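1. here is a sequence with its predicted model. Questions after.
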Amino acid sequence: MQGADNGLADFIVGHLTRKGASYAEARLETHSGDGFLLKNGVMDAAGFETAVGMGVRYIIDGTLGFFDTNILEKSAIIRASDASFAMTRAASKIGETVRMSEEKAVKKAYEVKEKRKLADVDAEEKIQYVIGLDKALLDSGADVTTRYLSYNDGVKEKYFVNSEGTEITARIPRMDLFYLFTVKEGGQTVQRTHSAAAAGGFEFAKSWKLEREIPREAKALKRNMKEGVKAPAGMTDIVVAPEVTGIMAHESVGHPYEADRILGREGAQAGESFVTKDMIGTRIGSEIVTVVDDPTTENAYGYFLFDDEGVPSRRKFLMKKGVINEFLQNRETAAEFGIKSNGSSRATTYGVEAILRMSNTFVLPGEWKEDELIEDTKRGVYFKNFMEWNIDDLRLNQRYVASEAYLIEDGELTKPVKSAVIEVNTPALWGSVNAIADRVELHPGNCGKGEPMQGIPVTMGGPTMRFKAPMR
Amino acid sequence: MTFMAKPKKQEEKRTVPSDNIISTTENLMRKLLEAGADDVVLSAATVFGQQTKFANNKIVKTGTSESQHISVFSVWKKRVVETSLKEFTDSNMDELVAKASKFAAHLPQSDSYEGIADGPFGYKTLPYDRTIKLSGEKHADITEGAVNSALEEGAKRCSGILETHDWKSFLLTSHSVEAEDQGSTVYFSLRAFVDKEASGHKVGASRRMADIRFDDLARTAAGFAVDAINPKPGPIGRFDIVFEPFPLAILLERAGSAASAFDVDAGVSFLQGKMGKQVGSGKVTLADDPLVPTGYDSTTFDSEGVPTRRTEIIKDGKLMTYLHNTSTAKRYKTKTTANAGLVSPHHWNLVLEPGRQSREELIGQVKDGIYVTNLWYTRFQNYVTGDFSTIPRDAIFLIKNGKLSSSVKGIRITSNMLDILKGIDAVGKESENIHAWEVDSSVITPPVLVKGVNITKPTA
């Protein structure tokens, strides 16, 4: 691995094992990339970063210990491990006895190919890309009062080794473009924030076509303020576009199906789940709803082939035909459940422990064409995208406020709707889904979980889908 | 360069990270200036952190963390380049300098950059708890004691975290600033459960271990949980709300962020265009005070090395100033408030000036209201107007005729930040220092009573 000595990781795993650890693993990481921030057309900040460090996890006296350092010298690592050992041994008197699921040792190397390597694209081109998007927004014809765009990229190289003989080498480039803008019309303002991201090279910047989408959104928001009507009240047919389908799947299917929440491991901050260990097989959605989490989705922002415990990743069917089917598992939770891990453990950086995370979570496609689905809706509201959202920490009570929404009247999108709100409970939402389109879109995000907080690359998405919920 | 920090006692070693880091920092400064950088700020730090995470009454992980780095802010003919050095070799330094110079050549000029502060300066000192660095092996005893206290109070299980940090920093700028500091912090969070729907949560934060009453926090969290059993679906409509310090801190921190001149310019501030106007009730005086001796985010100098001081952001409800660094201050034709952030100014410890009423007196004056002990998932529909929603979690109680009555669940606060600040009708007298998952920067606040807050919930 460039800039780091894998031998240090091998050394510390051996060292910990010799000191009595029943299990030890090390993650040695290098991350380097560029970032640019353009605020109201001014390049406020730009920079480049290279970070190298190692995170080490082990079990001693049945208790889990973790330490990290960016001082990559043998003496410093031994010093860090001694301090950590002393703390973990002291903790073992009230430590949870940690078990890990049995997993096959693997030795693999993999990488995501870049057609245009991020490191080879000079700063000038990246800057011009961001400036071009800013100009497109400015030329949209809407009165855009604030513009904020940031571009970040980076390549993460990772070497994972554990005391069971697993060795994984991975190289994943990622890039993302975030934007936030304010449109003013007739004394009112409305805002839109979103991002595009990929695991891959600079070639993805072109594929997003943001130079068309961002000004389209600005114009739509202008129209929304000028012509927008109030949302209809009462039980309504709601059609949500993939961006909204995705956040719903992420918040109310992905998170509550994380086994660590179910077991209370993240109880203090990230919260728990309305789902209990014995709910596998319970119907929670309509028969047409299947939700998966799939890290193997090529070039998706949440892509990886081996997790941060060295377990191969795979597609998980979280909800299958409306029935709770599988939880996200790491080795610790899988041992509690008496099963194998499904490779869902990830850490944001070397400096934090790997915990259970989603990857690319989406609703599988149905059979409807998008236009037929709208045509089939007599009266309803179409949510194109959203701005504000939240859900309670048991993952039941959720709310989404549209940035851009339209009335559906006699099978056609007509007037824009101002501040359309969905406020609904999880079983009511998924239980009422009655039509799913055949085209899937994924939208990126940085999912927050854990303490200290870890924001990790994910995507969320699915097809356009229709359900019933009350509006006010 | 002149060392202007307050002289230390003879027997104390220098607080700076290490001689190696100092010499590396000085070398790097020389190399950057020789390469043509106009303004340079270098901030070196070593940080040692310890963490104990617990769930279901057991410690589920211990963690230690050690890091060293030099943050590099360099400006080349108004082109701003940020990076950092983490491996202190000559070749790494030379590579960084060459790359920064080349990188800058590609950048457009930043019209918003107006320079950094001219030193030298003198600084005050803040308390430093040297026991914190050695506290790792005591984490287990502290955790065990707190969990047992919560269980004695009636909780069935507890989850949470104990974090301690010890850090040393050294700041050097091209404008005659040299400063050094050391600090210690402790943060404790305990959420007690009686069952899934009956929980209570408390946090504590300080620069000194002795300030955190671990067992008291645990007992209070457990007391909330016990009182919250069998919650009923909550009401919708407008209610007077008594906010505990913890949930209020989550909202006040948004006000602190909105006061940053950077956020104002970026379009993420509900204080945009409100200078000199009433943005809160007359009961609201909100200051940034970086010199609170026990404050979790206290500091004696900002990221430019400007000595910090107390700044009143809102006085008696009126917006007095935004928070500035040298650059934003020049653009706003004012003086820095010592809140750099080299690109984005930010607050240190937000302090809501306490009132005179006890918590019981706040609750006692509410006829029909709600007592909120924690919030979660605060998100904005429009940062400029301040429209947002957030979800009360853990113990929530109805207030009827001045007394706490039944426990409720499933509600959402759907409101506006200006409405919340203007609705503050009474301020409590007992402040708490809050640092938490949704409170990145420290907030020191008492409980308050807010009138007429909108409550919504799903109807399906």
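-> Good, I have the coordinates. These numbers come from a predicted model, not from an experiment.
2. show me what contacts the residue of the stretch 151-300 of chain B found nearest chain A?
-> Closest contact between the stretch 151-300 of chain B and chain A, by Cβ to the nearest Cβ, is at B:Gly267 (2.6 Å). From N, CA and C alone the C-beta is placed, and that goes for glycine too. Residues counted as contacts of B:Gly267 (Cβ atoms under 8 Å, 6 or more residues apart in numbering or on different chains) are A:145-148, A:180-182, A:191, B:383-384.
3. can I get the buried part of those residues as one PyMOL selection?
-> The buried subset of the contacts of B:Gly267, as determined by 16 or more other Cβ atoms under 10 Å in any protein chain shown, is captured in PyMOL by this line:
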select buried, (chain A and resi 146+147+148+180+181+182+191) or (chain B and resi 383+384)
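4. secondary structure and pLDDT for the contacts of B:Gly267 - can I get that in a markdown table?
-> Shown next, in a markdown table, are those (DSSP: H, G, I helix; E, B strand; the rest coil; pLDDT from 0 to 100):
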| residue | secondary structure | pLDDT |
| --- | --- | --- |
| A:Thr145 | strand | 97 |
| A:Thr146 | strand | 97 |
| A:Arg147 | strand | 98 |
| A:Tyr148 | strand | 98 |
| A:Leu180 | strand | 98 |
| A:Phe181 | strand | 98 |
| A:Thr182 | strand | 97 |
| A:Gln191 | strand | 97 |
| B:Tyr383 | coil | 98 |
| B:Val384 | coil | 97 |
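5. of the contacts of B:Gly267, closest to B:Gly410?
-> The closest of the contacts of B:Gly267 to B:Gly410 turns out to be B:Tyr383 (Cβ to Cβ; 26.8 Å).
6. tell me the domain ranges of the chain?
-> Reading this off chain A. Residue ranges for the domains of chain A, per automatic domain parsing: A:6-227, A:234-471.
7. actually, chain B is the one I wanted.
-> B:19-227, B:232-456.
8. can I get those in TSV including distance to A:Phe383?
-> Below are these laid out as TSV (distance: least, Cβ to Cβ, whole Å):
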stretch	distance to A:Phe383
domain B:19-227	30
domain B:232-456	14
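9. quick one: which of those domains is nearest A:Phe327?
-> A:Phe327 lies closest to domain B:19-227 among the domains of chain B, at 16.7 Å (Cβ to Cβ).
10. confirm for me that B:Ser298 is in contact with B:Arg207.
-> Yes - here B:Ser298 lies in contact with B:Arg207, judged by Cβ atoms under 8 Å, at a distance of 6.3 Å.
11. overlap of the contact sets of these two?
-> Residues touching both B:Ser298 and B:Arg207 (Cβ under 8 Å, 6+ apart) are B:126, B:183.
12. can you pull the poorly scored residue ranges out of the chain?
-> All of this is about chain A. Of all residues in chain A, those with pLDDT under 70 make up the ranges A:1-3.
13. please go with chain B instead
-> Residues of chain B meeting the criterion pLDDT under 70: B:1-17.
14. let's go with 50 and repeat that
-> B:1-15 (pLDDT under 50).
15. and the helices in it?
-> With DSSP state H as the criterion, chain B has helices at B:19-34, B:90-106, B:139-152, B:214-227, B:245-258, B:261-266, B:326-331, B:359-364, B:417-422.
16. might you report the residue contacts of whichever residue of the stretch 101-250 of chain A sits closest to chain B?
-> Of all residues in the stretch 101-250 of chain A, A:Thr146 sits closest to chain B, at 2.6 Å by Cβ to the nearest Cβ. If a contact means Cβ under 8 Å, 6+ apart, then A:Thr146 has A:40, A:180-182, B:265-267, B:384 as its contacts.
17. likewise for A:Glu164?
-> Contacts of A:Glu164 by Cβ under 8 Å, 6+ apart are A:23, A:103, A:105.
18. what about A:Asn6, distance to A:Tyr159?
-> In this view, A:Asn6 and A:Tyr159 are 5 Å apart by Cβ to Cβ, to the nearest Å.
19. fine, thanks again, bye for now.
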